[in-house]
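Trainee: Give me a 3D structure for the following:
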Amino acid sequence: MTQPQLTGQAFVSVPMHPANAHERGFNQSYWLAKQLSHKLAVPLHTAQRVKRSRPQRTLNRRERASNLADAFAFQMPPPEHLVIIDDVVTTGATGHAMAFAALEAGAKRVDIWAVARTPLGKD
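Mentor: Take a look at the predicted model:
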């Protein structure tokens, strides 16, 4: 029996809605995914943000989850083992929504890697 590849078969960054990407001009998650892809020789996969939702920072856990429902889509089927790259995890709602979309699109295993975790608080 072979060991599972810990890095997955591909990385995917958390995409921004095109309007938000234009306003901000920089996607931290994409930058991180691109750096990791290069250093670890793992290909990048892409997903799209298809729903422009309210900013997450003012929402509680339940509101964050419903705010991101159906927010992400994969135009091409992801590999069986996909790793989502994000900059910060607060409640996990973004990672959950991305993972759900990846599994719906054909992934069998989805891991989430993040650089930082906000302190747990009242949400």
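
Trainee: Poorly predicted segments of this structure, please.
Mentor: 1-4, 21-22, 120-123 (pLDDT under 70).

Trainee: need the helices for it, in chain order.
Mentor: If DSSP state H is used as the criterion, the helices of the chain fall at 18-24, 28-40, 61-67, 93-105.

Trainee: Pipe these into JSON lines and attach distance to Pro55 and mean neighbour count per row.
Mentor: For every residue, glycine as well, the C-beta is placed using N, CA and C. Listed next are those as JSON lines, based on distance: least, C-beta to C-beta, whole Å; neighbours: other C-beta atoms under 10 Å:
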{"stretch": "helix 18-24", "distance to Pro55": "9", "mean neighbour count": "11"}
{"stretch": "helix 28-40", "distance to Pro55": "15", "mean neighbour count": "16"}
{"stretch": "helix 61-67", "distance to Pro55": "9", "mean neighbour count": "15"}
{"stretch": "helix 93-105", "distance to Pro55": "12", "mean neighbour count": "20"}
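
Trainee: Any idea which of the ones you listed gets closest to Met76?
Mentor: For Met76, the closest of these is helix 93-105, at 8.3 Å, according to C-beta to C-beta.

Trainee: Other residues contacting that closest one?
Mentor: Helix 93-105 has contacts (C-beta atoms under 8 Å, 6 or more residues apart in numbering) with 12, 14, 47, 56, 61, 64-65, 67-69, 71-74, 77-78, 82, 84, 86, 89, 110, 112, 114.

Trainee: Show the buried residues in the residues you listed.
Mentor: Those of those that meet the buried threshold are 12, 14, 47, 64-65, 67-68, 71-72, 74, 78, 82, 84, 86, 89, 110, 112, 114, by 16 or more other C-beta atoms under 10 Å.
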